[in-house]
Every structure is written in C-alpha cells, then in structure tokens.
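Peer 1: Quick one: sequence and predicted model below, then my questions.
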Amino acid sequence: MFTPPQSLDDIPSVEAMIKSMDRTVAGLEDFKHRLAVTLRDHMVAAVMDRDWHGGNILIVGPTGVGKTYTVKALLRAIPVCWCEVAVTEFSDVGYHGRDLVTMYLGLLSRAQREENAQGRPISLRDHLPRAERWGVVLMDEMDKLRTNKTAVPGEREVGKVLQYELLKLVEGTEANIREDEDKPGILFQTSHVLHVGMGAFVGLNDTIALWDKKPWDERLYLTATPEDFIEYGFIPELMGRFATILTLPPLKVDHLIRILREQLVPRWVERMADEGLALGVDEGAMMTIAGMAQERALGARALEPILADMLWRPRREARPGDELILDARAVASKSARLQRAEAA
C-alpha cells in the first residue's frame with residue numbers, strides 16, 4: 001500500500017532510515033548511509049515536484065552479503081512506491097519472455113493502490129502519476145545483462161539488446177506497457193523513476209585485475225569504476241545512467257555471528273517453541289557456525305542450512321518439554337544434543 005507524503009515533514013530523515021535498517025541489518029554502515037541519502041533525495045524531489053533526478057544506483061556484492069535484504073528493509077519503512085524484478089525474466093522485444101518495459105507493472109499493482117482499511121484501491125488513472133513520481137524499481141541479477149565486448153559472429157546478444165532497451169527507459173521516456181497483447185497498453189512516464197540495479201557481478205575481480213593491471217584479490221570490486229563495468233561487458237551510455245556504485249564487502253565472521261544472534265537463532269527458538277521444545281545456542285557454537293558459513297562463500301545464506309542440518313536429527317526423537325542444545329561439543333559432532341525434560 002502506498003500513500004504519497006504531502007510535505008517534507010512526512011519524509012523520514014537519513015538518521016531515521018538508518019535506525020530502521022539497523023534493527024534488521026548488521027553492520028554495513030557506509031552502505032546504509034549512502035543508500036539512505038539517495039532514497040531521501042528521491043523522496044524530496046518527488047514531494048517538491050522537481051525535474052531533477054538523483055541518479056540510478058548500481059549495487060555490487062558477493063552472494064549472501066545482504067544486497068536485496070538491506071534495500072528491501074529500507075523500502076518497506078519509507079513512503080515510496082516500489083517493486084522488484086529479476087532481469088533474467090526478460091527478453092528483447094519480439095522474443096520469448098517478458099518485454100523489459102513490463103517491469104513497471106509492479107508499481108501499478110492493486111497492492112500499491114490500496115489506501116484504506118477496507119483494501120479498496122484507488123483508480124489506476126489516479127495512481128499512475130504517483131507511481132511515475134515516487135516509483136523505485138529493484139532490478140536483481142543485473143549482472144546477467146553482461147555481454148561479450150567483442151561480438152560473436154552469428155550470436156544474438158540478448159544482454160546488449162536489453163542494455164539498449166534499458167537505456168531508453170532510464171533516460172526517461174513515455175513507455176507503452178502491455179501486460180497482454182490483447183489488452184490496451186498503459187502509457188507510463190519513466191523520467192522520475194529510481195532504478196536500482198543489483199548483482200554479484202561474478203568475474204568482475206578478474207576484469208579489474210586484468211584491465212587495471214592489479215594483483216587479483218576478492219575485494220577488488222570494492223573500488224570498481226564505471227570504466228571497469230564497461231570493460232566487464234556494459235555499454236558506456238548505460239553506465240553513465242548508473243554512475244552511483246555502492247559496494248558491499250564480503251561478510252566477516254563477526255557480522256555472521258551478529259546475524260545468528262539477532263536474527264536466525266531467535267527465529268529458530270520461536271520455531272522450536274511452537275513444537276514445545278527449547279533451544280539453547282551458546283556463543284562458542286555461534287562462532288564455529290559463522291566460521292563454517294564463511295568457508296562456504298555463500299554469505300549469510302549459508303547459516304540457515306547449517307543450523308537446520310545440526311537440528312534435524314535430535315528433532316526426530318524430541319518430545320514437548322525437551323531441549324535441543326548447540327554448544328562447542330554439539331557443533332563438533334554436527335548435531336545438537338537432546339536433553340530430556342525429565343533429566344533437566
């Protein structure tokens with residue numbers, strides 16, 4: 001549900017947005033500050049009805065560092081009209097797959113237009129200018145638009161075609177959006193929409209090392225420039241429209257421990273309580289699990305499977321009132337210990 005603010009007083013401050021993200025996102029202070037400033041710029045321009053555009057964003061970071069999670073945590077807490085798409089859903093016009101322009105349909109959905117307790121939506125006609133002015137589109141897996149710098153004879157370069165189509169949209173145009181070929185289109189002005197591209201950009205470190213003649217390092221992408229992305233496989237004109245590049249560093253063990261302590265373990269405690277079971281996880285166990293997750297190179301995504309794998313065996317025999325214990329000894333054996341209620 002989206003209701004546009006009426007004045008600057010209704011727009012959250014940068015500090016308020018950071019506090020909102022801090023409740024669910026560990027660390028990443030520089031990233032959160034830059035993201036909050038950019039989103040506030042977008043909202044200020046919208047409420048003041050200014051023609052200037054704060055610029056689109058490109059967010060880069062390895063799998064599991066919290067790109068999508070962090071951005072969505074902020075968008076849910078602020079008054080903007082937003083939607084999320086994966087660029088792998090799209091194909092160039094005339095081929096199998098969604099046309100790229102249909103990514104804006106999420107900004108026009110019924111859920112975005114509901115604005116009272118009864119869930120009654122306002123008309124599409126009334127909502128359209130709000131979506132155009134306050135819209136934010138998250139484009140996940142944008143790295144999949146990468147194309148070969150040198151064309152391969154006879155090969156259709158879908159990525160490059162989509163890059164040029166995206167360029168027209170982010171430059172600002174009145175696009176004709178058709179959800180179905182048999183239905184009339186919707187004219188949508190894209191000039192003020194904030195586009196946020198996200199991706200892991202696998203191989204970018206290799207490109208930077210070769211292009212900039214630097215020793216290879218897993219953190220080279222943290223200093224990536226638009227020129228590096230052009231060498232990686234993006235057209236210069238598009239990079240000019242995504243010149244704000246935000247990077248997230250690989251998660252360290254202390255970040256993973258905080259995610260365990262503040263998010264995953266409390267969630268598992270609640271899940272076990274639903275079955276009448278107690279769950280105890282000590283600091284030593286969390287440190288070891290965080291180290292295991294870091295070795296898997298999946299970021300925070302590795303934590304949940306590790307926890308689940310250590311809990312499923314004793315859960316087969318557990319009865320209401322029992323406790324599952326994860327300490328150093330249990331983690332070493334890769335299975336939580338089961339403590340019966342009567343032995344407590």
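Peer 2: Okay, I see it.

Peer 1: Which pLDDT does the model give the spatially most central residue of the chain?
Peer 2: Residue closest to the average C-alpha location in the chain (CA atoms, centre = their mean): Thr68, at 1.1 Å. Predicted confidence (pLDDT) for Thr68: 89.

Peer 1: Give me the distance from the helix or strand harbouring it to the chain's centre.
Peer 2: Using DSSP states H and E, Thr68 falls within helix 67-75. Relative to the centre of its chain, helix 67-75 is centred 5 Å away, using CA atoms, centre = their mean, to the nearest Å.

Peer 1: Please apply the same query to stretch 123-137.
Peer 2: How far stretch 123-137 lies from its chain's middle: 22 Å, per CA atoms, centre = their mean.

Peer 1: Quick check: mean pLDDT of it?
Peer 2: Regarding stretch 123-137, the rounded mean pLDDT is 94.

Peer 1: what's that stretch in contact with?
Peer 2: Defining contact as CB atoms under 8 Å, 6 or more residues apart in numbering, one finds that stretch 123-137 is touched by 2, 4, 39, 42-43, 46, 49, 75, 79-85, 103-104, 106-108, 112-113, 121, 186, 188-196. Backbone N, C-alpha and C define where each C-beta goes, glycine included.

Peer 1: Can you turn the buried part of those residues into a PyMOL selection?
Peer 2: A single PyMOL command selects the buried members of the contacts of stretch 123-137 (16 or more other CB atoms under 10 Å):
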select buried, resi 2+4+39+42+43+46+75+79+80+81+82+83+84+85+103+104+106+107+108+112+113+121+186+188+189+190+192+193+194+195+196
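
Peer 1: so of the contacts of stretch 123-137, which ones are in helices?
Peer 2: Among these, the members falling in helices (DSSP state H) are 39, 42-43, 46, 75, 112-113.

Peer 1: quick one on the thing from earlier: show the contacting residues for the residue nearest to the centre of the chain.
Peer 2: Contacts for Thr68 (CB under 8 Å, 6+ apart) come out as 84, 138, 140, 198.

Peer 1: coming back round to it: mind listing what's buried in the helix holding Thr68?
Peer 2: 67-68, 70-71, 73-75.
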